[in-house]
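**Q** Can you look at this prediction? I've put the sequence above it.
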Amino acid sequence: MKVSRLVAALASGLLFGVGLALSGMMDPQKVLGFLDLAGAWDPSLAFVLAGAVGVSALGYAIKGRLDRPAFAPRFAVPENRRPDGRLLSGAALFGIGWGLAGFCPGPALAGLVLGLPEVALFVAAMLTGMLLYRLLAERPARTVGAGL
Amino acid sequence: MTAFLAPLAGGVLIGASAVLLLLANGRIAGISGIVGGLLAPTARDWAWRVAFLAGLLAGPVLFHLLSGHWPQVRIGASWPMLVTAGLLVGFGTRLGSGCTSGHGVCGLGRLSPRSFAAVATFMATAIVTVFLVRHGVGR
């Protein structure tokens, strides 16, 4: 039971990594080429997204017919569907960072295996940013929650 | 047209990865969420996250074995720019509950209004940022 869950996670990560490598999206210049509407626009990322969203939509359609996943007691999919200020400000900050370097979390992590110091630096800063979020944003929320 | 076969096929594999994790383990294949969960000191479900990330890092190696070449990674940003970008990406994806994979691939796939709003927002700020960096005043 436990092992099957780990094997599924490993296989899923492997598919993701091979897909990223094949898609060309590990290359920040290709990503920036998509985001640069005023330059020589490179539509590659739109094809990646179309392929990925199309297949993932099929998966969610199948999920609707299932009571539970194969190796876990229940689906851990967010129920909240309403956008809020936290979501939008977080997405806005993420977009600025994405536009500055051309890296989002998946390609940056997968790119670590190439051994480039720039990728390691970006990933170290990204992990620091995630830790900062825990320190700055989560603690006050928890204190307020405890006070109520 | 053939130039877009590799991006499309790569996207299909990424989608298949998300479907596998969903139907097998009931989880969303969101990279920032998977990594962020490992940073929580009380994380009790760390093993599958580590397994997923091990696979993610092995992916480009398998691609190299199959294709005979390494994926291209061209970095134009300076080191201070990379640090600033990394901090914003790390903080922003946690505050906004997801990145290109969680909100993009998975969220759009399940027609979540939250994810549509998040994707529209980060695409917009990324496009404006690239415009200012590449074509802004002083360039």
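**A** That came through fine.
**Q** for chain B, which spans come out with low pLDDT?
**A** For chain B, the stretches with pLDDT under 70 are B:1, B:41, B:43, B:137-139.
**Q** OK, now which residue of it is nearest to chain A?
**A** Evaluated by C-beta to the nearest C-beta, chain B has B:Gly59 as its residue closest to chain A, separated by 1.4 Å. C-beta coordinates here come from the backbone N, C-alpha and C atoms, glycine included.
**Q** so that residue makes contact with A:Gly111?
**A** No. At 10.6 Å, B:Gly59 does not count as touching A:Gly111 under the criterion of C-beta atoms under 8 Å.
**Q** where along the chain do the helices fall?
**A** Using chain A here. Under the criterion DSSP state H, chain A contains helices at A:2-23, A:28-35, A:44-63, A:85-101, A:105-111, A:117-133, A:139-147.
**Q** Not quite, go with chain B.
**A** Per DSSP H, chain B carries helices over the ranges B:5-25, B:31-39, B:46-67, B:79-95, B:108-109, B:113-135.
**Q** Contacts for the third one, please.
**A** Same thing as helix B:46-67. A:2, A:5-7, A:9-22, A:26, A:106, A:109-114, B:21, B:25, B:27, B:29, B:31, B:34-35, B:37-38, B:43, B:70-71 (C-beta atoms under 8 Å, 6 or more residues apart in numbering or on different chains).
**Q** out of the residues you listed, which are buried?
**A** A:5-6, A:9-22, A:26, A:106, A:109-114, B:21, B:25, B:27, B:29, B:31, B:34-35, B:37, B:71 (16 or more other C-beta atoms under 10 Å in any protein chain shown).
**Q** so where's chain A uncertain?
**A** Using pLDDT under 70, the flagged stretches of chain A are A:1, A:138-148.
**Q** can you pull the contacts of the closest residue to the residue of chain B closest to chain A other than its chain neighbours?
**A** The shortest distance from B:Gly59 to any residue other than its chain neighbours is 1.4 Å, reached at A:Gly17 (C-beta to C-beta, 6 or more residues apart in numbering or on different chains). Residues counted as contacts of A:Gly17 (C-beta under 8 Å, 6+ apart) are A:Ala110, B:Gly55, B:Leu56, B:Leu57, B:Ala58, B:Gly59, B:Pro60, B:Leu62, B:Phe63.
**Q** Make JSON lines out of those and add distance to A:Gly54.
**A** Shown next, in JSON lines, are the contacts of A:Gly17 (distance: C-beta to C-beta, whole Å):
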{"residue": "A:Ala110", "distance to A:Gly54": "22"}
{"residue": "B:Gly55", "distance to A:Gly54": "22"}
{"residue": "B:Leu56", "distance to A:Gly54": "21"}
{"residue": "B:Leu57", "distance to A:Gly54": "26"}
{"residue": "B:Ala58", "distance to A:Gly54": "25"}
{"residue": "B:Gly59", "distance to A:Gly54": "20"}
{"residue": "B:Pro60", "distance to A:Gly54": "23"}
{"residue": "B:Leu62", "distance to A:Gly54": "23"}
{"residue": "B:Phe63", "distance to A:Gly54": "21"}
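**Q** Next, the contact list for B:Ser115, please.
**A** When contacts are counted by C-beta under 8 Å, 6+ apart, B:Ser115 touches B:Gly98, B:Gly102, B:His103, B:Gly104, B:Cys106, B:Gly107, B:Leu108.
**Q** In CSV: those, plus distance to A:Ile62.
**A** Converted to CSV, the contacts of B:Ser115 look like this (distance: C-beta to C-beta, whole Å):
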residue, distance to A:Ile62
B:Gly98, 22
B:Gly102, 19
B:His103, 21
B:Gly104, 20
B:Cys106, 14
B:Gly107, 17
B:Leu108, 17
